[in-house]
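A.B. asks: Fold the stuff below for me.
(one chain, ligands or ions: 1)
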Amino acid sequence: MRFDTKLVHEGQRTRFGHGDVIPPIHVAVTFDPSAQDPARYYYARGESPTREDLETCLAALEDVRFALAFSSGQAAGAAVLSLLEPGARVVASDDVYGGTYGLFELCRRRGVDVRQVDLSDVDGTAAALSGGVNLVWVETPTNPLMKVADIGAISAAAHRAGAIVVVDNTFASPALQQPLAAGADVSLHSTTKFIAGHSDVLGGALVLDDPTLHGRLLEHRTVVGGVPGAFDCYLVHRGLKTLSLRVARQVANARAAVEVLTASPLVAAVHYPGLPHHPQFELAARQMSAPGSMVSFEYLGDVAELLRRTELFAAAVSLGGVRSLIECPASMSHRPVPREVRARAGIADNLVRLSFGIEDPADLVEDLCAAMAAASYAEGSATR
Ligand SMILES: *Cc1c(COP(=O)(O)O)cnc(C)c1O
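C.D. replies: Here you go, the predicted model:
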């Protein structure tokens, strides 16, 4: 089966001989093993049919054996980082999701050495990997600057250094980027974003092919209990079926807006891997089937005013849903990241991040242009 067919057909077991075309939501949390042949289900913190359906589909989308669904992307990330003992070394992207930065801080408190470097810089990355590393955490494209790291090259170097490689694939989704095929060990998703796609359910997932690693992560999840319930799994899986359709429109919308943003005198810099002047344009073209639908730019007017003026773009964090969103990383998504760390990573206070939904591109462009013009006027008239 090809990718778009798997989205619809994988993990669609029906169990009761009713001919359902969609599996029922299986709500039992405890199961009588003697009534099963073979015994498979015992207690839903460990295994649960509706969760398994979702996991079957997520694993198939990246052509591997295992997927583990979690109650959030953060729970999935925490499970991976729980593999590390005090004294372990992590090398990670410098420009990561704000919550991931929080997870790294928790690791540092328990004696794990987390070094954040610019993984799009090949030489700097090689230097950081020398001297023994246990885990490499790659976010690509990065949030919010859309830097692109070479998953294949980093994975090869990390494996030589003895590390496992985790790629946070949330921004691209498996529709646009396949980290495991490129050589990574674990693909991490906040399924809250593109995979579920409707901003109405939290979830996370780890996708991988190594049975030993899978066993350790499953043990962690079963003991700690960061599992999603049956209804949440159903919602994520329902959203997943339209992933390719949504992402195609989202990318088209992003491209339409990027064209306008790059031509605007109100914009200083546009960060989008689909722009020929993006520093990793060629790598992105090789590694991703499209440049995605996340865009950030430095706005020369009043950012707070811009966020108030857009009507179709809701001023909210998160991304990947059917509705377009606008936010300011410095004051919203990346506020937990200390100012000097943000400055070092190049996240300016006037950086604006857009997540494109599936609306009509002309409406989105009009809304953005009208809001930018109005907010720049507000800025120009301010007495400072
Ligand atoms: C949202 C997000 C996460 C965390 O996921 P939650 O589902 O919010 O816990 C991790 N990484 C990236 C890139 C994200 O956008």
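A.B. asks: ok and the residue in the stretch 101-250 of the chain nearest the ligand?
C.D. replies: Nearest residue of the stretch 101-250 of the chain to the ligand, counting by Cβ to the nearest ligand atom: Ser190, 3.0 Å away. For every residue, glycine as well, the C-beta is placed using N, CA and C.
A.B. asks: hang on, that residue packs against Ala75?
C.D. replies: No: with contact defined as Cβ atoms under 8 Å, Ser190 and Ala75 do not form a contacting pair (9.9 Å).
A.B. asks: doesn't Leu106 make contact with Leu84?
C.D. replies: No: Leu84 is not in contact with Leu106 according to Cβ under 8 Å; the separation is 10.9 Å.
A.B. asks: of these two, who's got more company?
C.D. replies: Between Leu84 and Leu106, counted using other Cβ atoms under 10 Å, the more crowded position is Leu84 (18 against 12).
A.B. asks: And the nearest residue to the more buried one once chain neighbours are set aside, how far from Val91?
C.D. replies: Nearest residue to Leu84, sequence neighbours excluded (Cβ to Cβ, 6 or more residues apart in numbering): Val112, at 5.0 Å. Remark: distance between Val112 and Val91 (Cβ to Cβ, to the nearest Å) = 12 Å.
A.B. asks: The two: who's more crowded?
C.D. replies: Using other Cβ under 10 Å as the criterion, Val112 and Val91 rank with Val91 on top: 26 against 19.
A.B. asks: Need the three-state assignment for that one.
C.D. replies: For Val91, the assignment made with DSSP: H, G, I helix; E, B strand; the rest coil gives strand.
A.B. asks: And the residue of the stretch 251-384 of the chain that's closest to the ligand?
C.D. replies: Closest residue of the stretch 251-384 of the chain to the ligand, Cβ to the nearest ligand atom: Leu319 (6.0 Å).
A.B. asks: my guess is that residue meets Leu325, correct?
C.D. replies: Yes: under the criterion of Cβ under 8 Å, Leu319 makes contact with Leu325 at 6.4 Å.
A.B. asks: joint contacts of these two?
C.D. replies: The contact sets of Leu319 and Leu325 overlap at Ser355 (Cβ atoms under 8 Å, 6 or more residues apart in numbering).
A.B. asks: Could you give the number of residues near the residue of the stretch 251-384 of the chain closest to the ligand?
C.D. replies: Neighbour tally, Leu319, other Cβ under 10 Å: 28.
A.B. asks: swap in Ala127?
C.D. replies: Neighbour tally, Ala127, other Cβ under 10 Å: 12.
A.B. asks: quick one: the helices in the stretch 101-250 of the chain?
C.D. replies: Using DSSP state H, counting those that start in this stretch, the helices assigned to the stretch 101-250 of the chain run over residues 122-129, 151-160, 211-224, 230-240, 243-263.
A.B. asks: How far does the fourth one sit from its chain's centre?
C.D. replies: Mean-position distance between helix 230-240 and its chain equals 17 Å (Cα atoms, centre = their mean, to the nearest Å).
A.B. asks: Next, the contact list for the residue of the stretch 101-250 of the chain closest to the ligand, please.
C.D. replies: 72-74, 76, 97, 168, 170, 203-204.
A.B. asks: what stretches of the stretch 101-250 of the chain score poorly on pLDDT?
C.D. replies: The stretch 101-250 of the chain contains no residues with pLDDT under 70.
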